[in-house]
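K.L.:
Output the structure for:
(2 chains)
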Amino acid sequence: MATKCKDYNFHEIEPFWQSFWEENRSFRAENDSSKPKYYVLDMFPYPSGAGLHVGHPEGYTATDIMARYKRAKGFNVLHPIGWDAFGLPAEQHAVKTGTHPAANTRNNITNFKRQIKAFGFSYDWEREIDTTDPKYFRWTQWIFLQLFKRGLAYVDERPVWWCPELRTVLANEEVVDGKSEVGGYPVERRNLRQWVLRITAYAERLLADLKEVDWPDSTKRMQEAWIGRSEGAEILFQLEHSSAGPLKIFTTRPDTLFGCTYMVLAPEHPLVEPLTTPAQKAAVDDYKKKAAGKSDLERTDLSKDKSGVFSGSYAINPVNGARVPIWIADYVLMGYGTGAIMAVPAHDERDHEFAVRYALPVVQVIASPKEPGQDGATVLPYTGDGQLIQSGTYNDLDWREAKRRITADLASRQLGRATVNYKLRDWLFSRQRYWGEPFPIVWVGEADYQRVAAARPGGLPTDPVTFTSDGVRHFALPVPEGALPLELPPVQSYLPSGSGESPLANETAWLEIWFNHTTGAAVPASQPRPAGEAWVSGRRETNTMPQWAGSCWYYLRYLDPRNDHAIASPEALRYWGTPDLYVGGAEHAVLHLLYARFWHKVLFDLGIVPESEPFRKLFHQGIILGEDGEKMSKSRGNVANPDTIIASHGTDALRLYLMFLGPLEAMKPWNPRGIEGVLRFLQKVWRECLTDEGASNPKISDTAAEPAELTKLLHETIRKVGDDIEALRFNTAISQMMIFANALQKTPQVTRATILAFLQLLAPFAPHIAEELWNRLKGGAASVMLAPWPQFDPARLTVTEVKLVFQVNGKHRGDQIVPLGLPEVEAVKIASLHPKIAPYLQGKILKRVVYVPGKILNLVVGE
RNA sequence: GCCCGGGUGGCGGAAUGGUAGACGCUGGGGACUUAAAAUCCCCUGACUGUAAAGUCAUGCGGGUUCGAGUCCCGCCCCGGGCACCA
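P.N.:
Sure, this is the predicted structure:
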């Protein structure tokens, strides 16, 4: 039941045990188990054509150690893997080669799977999932329909990022510095009809519930910043002449209302036109045109000067009746708040910069309690706290109090109210691409929609989702859940149309249909309308979903991956709950992790999942850099390939080294020579267990006279390795095992029990060699994984003697082994007689003694 | 600009406010060997010293403390995130 090799031949051992595990289905998670569950999850990979580099298995090794450790601790462990396989690269490849992206995806998955399997990770391969499998995306579409029915999905024509090169729109989050995150192509603004998910409806809960999760602080802070909650007030300013109605602005500083010296509208604000006076019209039109022509990169580039133009109109300050000029400037964004602000140049840096440029008045209304300039005046702009001045009846109030009072007073006059604003925008959810989940939506006319609505109460959103084009209003009708999945039709070309529609728009027979709204059946519109009430004329949605869709809920599908009736059975959802540990890169801090939380909360509200947060404990593995300390990339030629390393050093050595490099969360450079050290460690363990002939090392026996120090070290090692695994400190766990192996080597006799316990500790890290040695030393017994995790005996860890460090005036001057619990008087006596200490005390007065029993004795002396 | 994280030997890194540098790599010396590889032993932060030992040393400058890599204040550098959100 093991290999026959005499030396440590990982080429033989590793495949042997990998087949053994596969044949014995060793890593199968049981859905009906009486054991406690432990669910440990990796962020599933996008199977790219480039294959794995050593960065990928870093996190996977960490979770694998945890999974194997928890199994040994008696847990029923769910440790799954799958493929996030929709996405742009496969489609780009399809456009280039004309082959179906599914074919390319399949090849990439095969390659990834081969590479991942070579690591011997303890995945339950029977639960493998693939987001592009219709049996999987059926449920992605199903969840979308739940969002749709709840009014959380809608269609809107809005300015979106359009990437001409990729021929698609991108989400805000996919645009970095004016370029596409994928490929780095330039992007521009276009108005297009888009599906949008109402994530803002969950903004408050997404923010508040961050308090409940055990995540890295930096990630929580990033999500907080992304959601960007700010409290303030909406205030109505009457207009001097225009009947265009009051001007509504948002501010977080209602306390500075008396310092408002001008207003600003975003160039896209609907009141810009009515408020522009004839005299200013030419200048305003010119400015609007310029602003619209600017790329967002130019508009958001802080280094540029602020610009704007006067509208010619005035507003009235609701607190003092002051006449305030209304300007138009692109430093105010239409997408946030009301798209209009009151400008308080004395207390806002941006307003101040603008006021200086256009010579607008600056009125200070907050007195700074400190930091006056050289002439005693406050340096403006001043954005700190203080008391109100030049503010009528509000003078001398603390700004916080003034905020409340002014807001309340305006509210009582119907001129304002306290509000909360978020930076978070609704989630742009459609892509003009082929390789994604099709939307299960058919667009129909108003009359047909009304008929269906009457026939299917409850199956549609309260407010119909519509859009209008060429004066015709189109209504979104969902494909019945029973008709899912809606699969991708074969297409002639994978190239997007370039007009803002996906390649699906060219597939007339699929697109223009007679649609049976009760069964979901469809026949091409070119054919006669089938008989029956349920058939309506429709056009399918041509957009597809973004790659994020499939990864928003995959952790739930693993619980019950072959279920044809639900995303997972209620029993599985209840038993497994959510992952106990989720490990993945920090680059997903806002996107995937925010989207998935949103979907999860919707599913929670629907009563489908029992917990309100998907990932209670999250950990980011760091990045492994190339030898040169730079990010690994093909172009730099500094990519370390796992296949090569496994061939030369074996998987166990690679796994061990990946964990030994440094703290899991740290960014660390790959040093190809460092792996020699861990390989030597494994070879040493091998030699301590077996002779050159492959027989049990004669120093091992059941009745060996094992030194007490080694037994003690074993128990220390059991404790440290266990503690370190729990805390994901794998590097120090490995150090401790090395210390043990070094001691073992110096020990002439050792008990079989000690060796076996050590092999168990090693097993989660280097499972193949551990299995091999365990089997040989136990005489062909079952897998090491079936043995319960060793326990340390606290009694073995107690000591009777300790090394006491002597210090004189805080400096280390010597040490001595002393009995535990030595009284202070005795300690001082021993120290003063100590040959290294005595000279320092010569002729000095002992002024103070600091004694930490068992640790340190510090003698403070003076003249 | 704002918000995080980090700066420890030649290198990766270890250190509940209590012996800084565990463990590993690299380098040097030795043992074994006909020889080499492998293995084992010793040394490997800097400076002074024959040695014993001592001084300095955790990015820089201060501080708290009997005692600071660790806590506090002010800087410098590196990495990440956000970036006109009123």
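K.L.:
Might one say that residue A:343 is in contact with residue A:353?
P.N.:
No. Applying CB atoms under 8 Å, one finds residue A:343 not in contact with residue A:353, separated by 10.6 Å. Heads up, the C-betas are built off the backbone N, CA and C, glycines and all.
K.L.:
hey, what's residue A:233 bridged with?
P.N.:
On DSSP bridges, the residues paired with residue A:233 through beta bridges are residue A:251, residue A:418.
K.L.:
quick one, what contacts it?
P.N.:
Contacts here follow CB atoms under 8 Å, 6 or more residues apart in numbering; on that basis residue A:233 touches A:250, A:251, A:254, A:403, A:406, A:407, A:410, A:416, A:417, A:418, A:419.
K.L.:
Kindly recompute the last result at 10 Å.
P.N.:
If a contact means CB atoms under 10 Å, 6 or more residues apart in numbering, then residue A:233 has A:249-255, A:257, A:403-404, A:406-408, A:410-411, A:415-419 as its contacts.
K.L.:
In which helix or strand does whichever residue of chain A sits closest to RNA strand B reside?
P.N.:
The nearest approach of chain A to RNA strand B comes at residue A:677, 2.5 Å away (CB to the nearest atom of the strand). Per DSSP states H and E, residue A:677 falls inside helix A:674-689.
K.L.:
Give the next helix or strand downstream of that helix.
P.N.:
Towards the C-terminus, the helix or strand next in line after helix A:674-689, according to DSSP H and E, is strand A:700-701.
K.L.:
Apart from its neighbours in sequence, what residue is nearest residue A:157?
P.N.:
With CB to CB, 6 or more residues apart in numbering as the criterion, residue A:157 has its nearest non-adjacent residue at 4.9 Å, and that residue is residue A:193.
K.L.:
typo on my end, it should be residue A:239
P.N.:
Leaving out its chain neighbours, the residue that sits closest to residue A:239 by CB to CB, 6+ apart is residue A:315, at 5.6 Å.
K.L.:
hmm, back to that, out of the contacts of residue A:233, which are close to RNA strand B?
P.N.:
Among the contacts of residue A:233, the ones lying near RNA strand B by CB under 7 Å from any atom of the strand are A:250, A:251, A:252, A:253.
K.L.:
Kindly reformat those as TSV containing pLDDT and neighbour count.
P.N.:
Rendered in TSV, the data for those read as follows (pLDDT from 0 to 100; neighbours: other CB atoms under 10 Å):
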residue	pLDDT	neighbour count
A:250	97	20
A:251	97	26
A:252	96	14
A:253	96	21
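K.L.:
Show me which of those is closest to residue A:696.
P.N.:
When these are compared for distance to residue A:696, the smallest value, 74.3 Å, is given by residue A:252; criterion: CB to CB.
K.L.:
got the contact list for that closest one?
P.N.:
A:230, A:231, A:232, A:233, A:337, A:348, A:403, A:421.
K.L.:
How far away from the center of its chain is the helix holding residue A:677?
P.N.:
Averaging C-alpha positions (CA atoms, centre = their mean, to the nearest Å) puts helix A:674-689 36 Å from its chain's average.
K.L.:
How about stretch A:532-540?
P.N.:
Here the centre of mass of C-alpha atoms in stretch A:532-540, compared against the chain's by CA atoms, centre = their mean, lies 42 Å away.
K.L.:
What residues sit buried inside it?
P.N.:
Along stretch A:532-540, these residues count as buried under the neighbour rule (16 or more other CB atoms under 10 Å): A:534, A:535, A:536, A:538, A:539, A:540.
K.L.:
Leaving out chain neighbours, which residue sits closest to the second one?
P.N.:
When you say that, I think you mean residue A:535. Take residue A:535 and drop its neighbours on the chain: the residue closest to it by CB to CB, 6+ apart is residue A:514, 5.0 Å away.
K.L.:
following the helix or strand where that neighbour lies, which helix or strand comes up?
P.N.:
Secondary structure from DSSP H and E places residue A:514 in strand A:512-516. Sequence-wise, the next helix or strand beyond strand A:512-516 is strand A:522-524, with elements assigned using DSSP H and E.
K.L.:
next structured bit after that following strand?
P.N.:
Once the chain leaves strand A:522-524, the following helix or strand, as judged by DSSP H and E, is strand A:535-540.
K.L.:
Just the element for the residue lying closest to residue A:844 once chain neighbours are set aside, please.
P.N.:
With CB to CB, 6+ apart as the criterion, residue A:844 has its nearest non-adjacent residue at 3.9 Å, and that residue is residue A:861. In this structure, residue A:861 is located in strand A:856-862 according to DSSP H and E.
K.L.:
Next: residue A:284.
P.N.:
Applying DSSP H and E as the criterion places residue A:284 in helix A:281-293.
K.L.:
Kindly list the main-chain dihedrals of the residue sitting furthest away from the middle of chain A?
P.N.:
In chain A, the residue that sits farthest from the middle, by CA atoms, centre = their mean, is residue A:843; the gap is 64.7 Å. For residue A:843, the backbone dihedrals are phi 70, psi 10 (criterion: degrees, to the nearest 10).
K.L.:
residue contacts, it?
P.N.:
By CB under 10 Å, 6+ apart, the residues touching residue A:843 are A:861, A:863.
K.L.:
next one: residue A:286
P.N.:
residue A:309.
K.L.:
how does chain A divide into domains?
P.N.:
A:37-142+A:548-621, A:230-421, A:672-796, A:799-862 (automatic domain parsing).
K.L.:
Quick one: those as CSV, columns for distance to residue A:179 too.
P.N.:
As requested, these are exported to CSV (distance: least, CB to CB, whole Å):
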stretch, distance to residue A:179
domain A:37-142+A:548-621, 14
domain A:230-421, 9
domain A:672-796, 34
domain A:799-862, 57
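K.L.:
Just name the most buried of these.
P.N.:
Taking mean count of other CB atoms under 10 Å as the contact definition, the stretch among these with the greatest mean neighbour count is domain A:37-142+A:548-621, which reaches a mean of 20.
K.L.:
Any idea how far apart the tips of that domain sit?
P.N.:
Between the opening and closing residues of domain A:37-142+A:548-621 there is a gap of 23 Å (CA to CA, to the nearest Å).
K.L.:
mean confidence score for that domain?
P.N.:
For domain A:37-142+A:548-621, mean pLDDT is 95.
K.L.:
so which helix or strand takes in residue A:608?
P.N.:
Under DSSP H and E, no helix or strand contains residue A:608.
K.L.:
Please list all residues in contact with it.
P.N.:
A:143, A:146, A:553, A:556, A:566, A:567, A:568, A:570, A:573, A:600, A:602.
K.L.:
Which of the residues you listed sits closest to residue A:320?
P.N.:
Looking at the contacts of residue A:608 and their distance to residue A:320, the nearest is residue A:602, at 46.7 Å (CB to CB).
K.L.:
so how far is the one helix or strand that closest one maps to off the chain centroid?
P.N.:
Assigning secondary structure by DSSP H and E places residue A:602 in helix A:591-605. Here the centre of mass of C-alpha atoms in helix A:591-605, compared against the chain's by CA atoms, centre = their mean, lies 12 Å away.
K.L.:
Quick check: next helix or strand after that helix?
P.N.:
Sequence order places strand A:618-620 as the next helix or strand after helix A:591-605, per DSSP H and E.
K.L.:
who does that following strand pair up with?
P.N.:
Note on strand A:618-620: by DSSP bridges, its sheet partners are strand A:581-584 (parallel).
K.L.:
Which residue, neighbours along the chain excluded, lies closest to residue A:159?
P.N.:
Nearest non-adjacent residue to residue A:159 (CB to CB, 6+ apart): residue A:189, at 4.8 Å.
K.L.:
close enough to count as contact, the one you found and residue A:160?
P.N.:
Yes. Taking CB atoms under 10 Å as the contact criterion, residue A:189 and residue A:160 are neighbours in contact, 7.3 Å apart.
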